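*Asks:* With the sequence up front, the predicted model follows.
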Amino acid sequence: MQSLNDIQLIKGAIADYKLDADGVLYSYSKNPVRTVKNITENVALVKQITGGKKVPLLIYLCNTPIPDKETRKFSTEQLPTIYTAMAMVSKPGLSKLIMNILFKLKKPPLPMKSFTNDIEARKWLTQYL
């Protein structure tokens, strides 16, 4: 993984982003509480970065507070409007916990997979370019 100091990132409230030359969007998660407001602002930022095109997302997760039910529902509805697939890179167990919180009663709205290695995550995402 590259050092964040070596990458030009587009700064957001809940994550910083980089769109690579192939069209994979990299997200470096931050840890504020997710709200409908900051999720809405983030969706607008992602659309601005991608020119409104749905792209595969490689997200580096961090520990964040669990959002309220309304925010979890809203976030789940927004994901398929901006992403084709999502690869979550984290320490073992973290992405599984997030998946369980967001999608405990129903299937994720787009292809999602957890990884502890960003090279494997990117390789999996290339099928969704």
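*Replies:* Right, received. Where do you want to start?
*Asks:* what are the bridge partners for the most centrally placed residue in the chain, then?
*Replies:* In the chain, the C-alpha closest to the average C-alpha coordinate belongs to Ile59, at a distance of 4.4 Å (C-alpha atoms, centre = their mean). For Ile59, the beta-bridge partners are Ser27, Met88 (DSSP bridges).
*Asks:* So it sits against Val89, correct?
*Replies:* Yes. Taking C-beta atoms under 8 Å as the definition, Ile59 is a contact partner of Val89 at 6.8 Å. C-beta: built from backbone N, CA, C; applies to glycine.
*Asks:* Three-state assignment for Lys53, please.
*Replies:* Following DSSP: H, G, I helix; E, B strand; the rest coil, Lys53 is assigned to coil.
*Asks:* List the residues that contact the residue lying closest to it once chain neighbours are set aside.
*Replies:* Excluding its sequence neighbours, the residue lying closest to Lys53 (C-beta to C-beta, 6 or more residues apart in numbering) is Gly23, at 7.7 Å. By C-beta atoms under 8 Å, 6 or more residues apart in numbering, the contact set of Gly23 is 53, 55-56, 129.
*Asks:* now Gly23: how far from Lys54?
*Replies:* Look at Gly23 and Lys54: by C-beta to C-beta, to the nearest Å, they are 10 Å apart.
*Asks:* quick one: Thr40 is in a helix?
*Replies:* Yes. Looking at Thr40 with three-state DSSP, it is inside a helix.
*Asks:* what's the neighbour count on it?
*Replies:* 13 (other C-beta atoms under 10 Å).
*Asks:* now swap in the one 3 residues further on and tell me
*Replies:* Each residue near Val43 was counted by other C-beta under 10 Å, and the total is 16.
*Asks:* Secondary structure element for it, which one?
*Replies:* Using DSSP states H and E, Val43 sits in helix 36-50.
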